[in-house]
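Undergrad: mind folding the following:
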Amino acid sequence: MPRPLIAVTDSPFPSLDPAKAALARLDPEYRMAKSPAAEDILAVARDADAILVTYAKLPRQLLGELKKCKAIGRFGLGVDNIDLPAAKEFGIAVNYVPDYCLREVSDHAMALLLALARKVTFANRLVQSGRWEVPPIVPLRRLEGQVLGLVGFGNIPRALAPKAKAFGLKVITYDPYVSQDALASTGVETVSFDDLLARSDFISVHAPLQPATRGLMNAKVFAKMKKGAYLINTARGPLVDEAALVAALDSGHLGGAGLDVVTNEPLPKDSPLTGRDNVILTPHTAFYSVEALEELQTKCATDVARVLSGEKAIYPISA
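TA: Presented below is the predicted three-dimensional model:
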């Protein structure tokens, strides 16, 4: 029996050892694409039995040229880089890992909130430049009693809610798809989107990226937010209209923003989001920990191995 061929489109990881360990029972051959460009992916994936993908785009045209592919494993939570209807049409099973970095992303969102609220990065820059001054940093408000609005109430915001409550924040959420049963034990109030915008001192975005949610946080939305409120995004960059965000920051309507994701990554050096004392930017690292990456690779590759062995995936996703 020939060894299965597994193509790797792209990898930001130090190594793929955890994934390879999970696939070891198949004794596969691996081929790594030179770049995430379509032609380089096809050079290694056209005859592959499975694909491991992180950020590379897998559109319909590319998927249509795969001759043997039975499984695509996405190293991550979202699958907006894969044409799911096309994969289903071509009989390719797609799996992802929806629960691998819940602690890390919720921790990161909370860290951005705290840093914005206490102006930590701004204060650090002042001191590092030789200015031991309090007046530029004030006013600061007590966290207890302020409101955190969660846009979306999936696994990550559900992990964030108790962390925020530990600091005395009141937590509310808008998610038209969440059930009352899911909310019952959390102590989180469900509200309309407009109500969330009007009441929240901090808004943390956790919606999936879909055509309907692209640009969800836009000029009209920012205008409805409290003056001086803060925006936090650890989900997907295109959920935020960045031009509108810059305008809301320039006008002083928004107090600041903490962004781990942006529309175009890496962030252009001339981006108007840079150089601001009230904007904290991190390079899409909210997901990261040594433990999270090992869990991610292991779960993703285990499902690919299951599909190639004729078994059901634990974390399948369909169009």
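
Undergrad: just grab the bridge partners of residue 94 for me.
TA: With DSSP bridges applied, residue 94 shows beta-bridge pairing to residue 72, residue 317.

Undergrad: for the lowest-mean-pLDDT helix or strand in the chain, buried residues please.
TA: Lowest on mean pLDDT, DSSP states H and E among the helices and strands of the chain sits helix 180-184, with a mean of 84. Going by neighbour count (16 or more other Cβ atoms under 10 Å), the buried part of helix 180-184 is residue 183. (Glycine included, C-beta is placed from N, CA and C.)

Undergrad: can I get it in PDB? Just the C-alpha atoms.
TA: Extracted C-alpha coordinates of helix 180-184, given in PDB (Å, rounded to 0.1, in the frame of the first residue of the first chain):
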ATOM      1  CA  GLN A 180     -30.900  31.100  26.700                       C
ATOM      2  CA  ASP A 181     -29.700  27.700  28.000                       C
ATOM      3  CA  ALA A 182     -26.100  28.600  27.100                       C
ATOM      4  CA  LEU A 183     -26.500  31.900  29.000                       C
ATOM      5  CA  ALA A 184     -28.300  30.600  32.000                       C
END
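
Undergrad: could you point out which element follows it?
TA: Note on helix 180-184: by DSSP states H and E, the next helix or strand toward the C-terminus is strand 189-190.

Undergrad: mind checking how far that next one is from the chain centre?
TA: For strand 189-190, the separation from the chain centroid amounts to 23 Å (computed by Cα atoms, centre = their mean, to the nearest Å).

Undergrad: try stretch 256-264
TA: 11 Å.

Undergrad: check contacts around residue 163.
TA: Shown in contact with residue 163 (Cβ atoms under 8 Å, 6 or more residues apart in numbering): 106-107, 110.

Undergrad: quick one: which of the residues you listed has the most company?
TA: For the contacts of residue 163, the largest number of neighbours (other Cβ atoms under 10 Å) sits with residue 106, at 24 neighbours.

Undergrad: what's that residue in contact with, if anything?
TA: Contacts for residue 106 were tallied using Cβ under 8 Å, 6+ apart; they are 156-157, 159-160, 163.

Undergrad: can you tell me the helix or strand for it?
TA: Using DSSP H and E, the element containing residue 106 is helix 102-117.

Undergrad: after that helix comes which helix or strand?
TA: Immediately after helix 102-117, counting by DSSP H and E, sits helix 120-128.

Undergrad: can you list the buried residues in that next one?
TA: Within helix 120-128, the residues that count as buried by 16+ other Cβ under 10 Å are 121-123, 126.

Undergrad: kindly report the same for stretch 28-44.
TA: 28, 30, 33, 36, 38, 40-42, 44.

Undergrad: alright, I will stop here.
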